[in-house]
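Colleague: The sequence and its predicted three-dimensional model are supplied below.
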2 protein chains.
Amino acid sequence: MELKPVGQRFILHWGEMGTRWGVNRTVAQIHALLYLAGVPLHAEEISETLSVARSNVSNSLKELQNWNLVKLVHVKGDRRDHFETLSDVWALFKIIVHERQQRELEPTIHTLRDCLASTDIAQEDSLTQAKIKETLEFMETLTWWGNEMLKLDPSTLVKLMKMGTGIQKILGKK
Amino acid sequence: MELKPVGQRFILHWGEMGTRWGVNRTVAQIHALLYLAGVPLHAEEISETLSVARSNVSNSLKELQNWNLVKLVHVKGDRRDHFETLSDVWALFKIIVHERQQRELEPTIHTLRDCLASTDIAQEDSLTQAKIKETLEFMETLTWWGNEMLKLDPSTLVKLMKMGTGIQKILGKK
DNA sequence: TGGATATTTCTCTTTTTGCAGAAATTACTG
DNA sequence: CAGTAATTTCTGCAAAAAGAGAAATATCCA
């Protein structure tokens, strides 16, 4: 598949941003390609289009599947595996939020609970104890709220977001 | 400064999570230490407490200052630079959201605008054009909404979050 | 069942990142 | 304006991550 100039630029940029988003360049590029393509592609085609080793494509696709961003599908009359991603950017966002929650918050919540449950906690001064407790509560609230938001369908989410601080006024009235 | 068991565990964990949060271990550890300490520390003390090279502390503190998470302060009667971080976890959160927005969204918004403004955009099929447009709009909305939320003071933010999807009902009534 | 096709796993190289220790610079102090 | 304390920058090594290509494995079909 030949990329046109803007498509190529989009994909290369996505690749550069990948590291900041917690994935490597190839993973991000493949995701960008599938996103723009809008139709399932097979690994060979991805490999050729992006000039990336076939093995690298294989591993990167696995990584994208771990993120639940890409799924394996089959195209009638073709024995090769094909891959596609979601076309709705809001749906993608929801998945990313959820996955990041798991990776960036979950482990810490677990550790903090352990810390507070440990008998060693008594040795710490009360300031430290309070900080750890606060941090845990913060992360729990954030996770809970994130999950609440994830329950909303994308269109409601958009509406909510577009309100911004307008919400504050409504809350005041309540 | 001698760390007690739970404090140490907290700091080590923070360090491990650092990479997932976009900073390296030392940077995250130093931040955790300053957070728990609650009082300004000088570089030498940080270096000793964490068993990290003095130069590494210097660079890591610079990184934390770039994130606006740590600021340099002076302690009366001590010529050494001291460093402290915010003690309010919600205030920290706001800074992190803002900084991540700059690092993870801003550059892409810029690129997507460029893509759409480019004369090459005409060569792309309409699906691709639409996707790029949607993606840009999404990121703009997200940024705008993030900024709106950042305007709220932490306590309002907590209240808002604790409501979760309760907001939806209020919106329905409106 | 045997070849062709497709996919994954392994190994090795390259690149990037992290970090210690030395050297250089800057800022104070008597 | 020496001399000392504090800090930063530089240099080089070590560890980790990314990714290419080969080898191994699995899958399909005639």
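Modeller: Thanks, I have it. Residues are numbered from 1 along each chain as shown, chains lettered A, B, ... in the order given.

Colleague: May I ask which helix or strand encompasses the residue positioned nearest the centre of chain A?
Modeller: Per C-alpha atoms, centre = their mean, the C-alpha nearest to the average position across chain A is that of A:I96, at 1.9 Å. Element membership for A:I96 (DSSP states H and E) is helix A:89-100.

Colleague: Which positions within that helix qualify as buried?
Modeller: A:89-90, A:92-94, A:98, A:100 (16 or more other C-beta atoms under 10 Å in any protein chain shown). Where you see a C-beta, it was placed from the backbone N, CA and C, and this is true even at glycine.

Colleague: Can it be said to contact chain B?
Modeller: Yes. Helix A:89-100 reaches chain B (C-beta under 8 Å from any C-beta of the partner chain) through A:89-90, A:93.

Colleague: What is the nearest of these to DNA strand C?
Modeller: A:F93 (25.0 Å; C-beta to the nearest atom of the strand).

Colleague: so that closest one sits right up against B:F138, yeah?
Modeller: Yes. Using C-beta atoms under 8 Å, A:F93 is in contact with B:F138, at 7.0 Å.

Colleague: and for these two, which residues touch both?
Modeller: By C-beta atoms under 8 Å, 6 or more residues apart in numbering or on different chains, A:F93 and B:F138 have no common neighbours.

Colleague: Give me the buried stretch members for the lengthiest helix in chain A, please.
Modeller: The longest helix of chain A (DSSP state H) is helix A:126-151. Within helix A:126-151, the residues that count as buried by 16+ other C-beta under 10 Å are A:128-129, A:131-132, A:135-136, A:138-139, A:141-142, A:145-146, A:148-149.

Colleague: And those, which is closest to DNA strand D?
Modeller: Once C-beta to the nearest atom of the strand is applied, the member of these that ends up nearest DNA strand D is A:M139, at 23.1 Å.

Colleague: Quick one: residues contacting the residue sitting furthest away from the middle of chain A.
Modeller: Largest separation from the mean C-alpha position in chain A: A:Q123, at 38.6 Å (C-alpha atoms, centre = their mean). The contact partners of A:Q123, taken as C-beta under 8 Å, 6+ apart, are B:4-6.

Colleague: Next: A:V70.
Modeller: Contacts for A:V70 (C-beta under 8 Å, 6+ apart) come out as A:30-31, A:34, A:61, A:64, A:83-85.

Colleague: Could you find the closest non-adjacent residue to it?
Modeller: A:L64 (3.8 Å; C-beta to C-beta, 6 or more residues apart in numbering or on different chains).

Colleague: quick one, what contacts the one you found?
Modeller: By C-beta under 8 Å, 6+ apart, the neighbours of A:L64 are A:27, A:30-31, A:70, A:83, A:85.

Colleague: Columns distance to B:F10 and pLDDT on top of these, output as a markdown table?
Modeller: Rendered in a markdown table, the data for the contacts of A:L64 read as follows (distance: C-beta to C-beta, whole Å; pLDDT from 0 to 100):
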| residue | distance to B:F10 | pLDDT |
| --- | --- | --- |
| A:V27 | 31 | 98 |
| A:I30 | 37 | 98 |
| A:H31 | 34 | 98 |
| A:V70 | 36 | 98 |
| A:F83 | 41 | 98 |
| A:T85 | 38 | 98 |
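
Colleague: circling back: from the buried residues of helix A:89-100, pick the one nearest chain B.
Modeller: A:V89 (4.5 Å; C-beta to the nearest C-beta).

Colleague: The closest one against B:F138, yeah?
Modeller: Yes. Between A:V89 and B:F138 there is a contact under C-beta under 8 Å: 4.5 Å.

Colleague: A:T49 reaches A:L33, doesn't it?
Modeller: Yes. Using C-beta under 8 Å, A:T49 makes contact with A:L33 at a distance of 6.3 Å.

Colleague: Stretch A:68-83: end-to-end distance?
Modeller: For stretch A:68-83, the first-to-last residue distance is 12 Å (C-alpha to C-alpha, to the nearest Å).

Colleague: wait, does that stretch contact DNA strand C?
Modeller: Yes. Judged by C-beta under 7 Å from any atom of the strand, stretch A:68-83 and DNA strand C are in contact via A:78-81.

Colleague: want to throw these into JSON lines with distance to A:R54 and pLDDT?
Modeller: Converted to JSON lines, the residues of stretch A:68-83 next to DNA strand C look like this (distance: C-beta to C-beta, whole Å; pLDDT from 0 to 100):
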{"residue": "A:D78", "distance to A:R54": "17", "pLDDT": "93"}
{"residue": "A:R79", "distance to A:R54": "16", "pLDDT": "92"}
{"residue": "A:R80", "distance to A:R54": "12", "pLDDT": "96"}
{"residue": "A:D81", "distance to A:R54": "13", "pLDDT": "96"}
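
Colleague: Lovely, talk soon.
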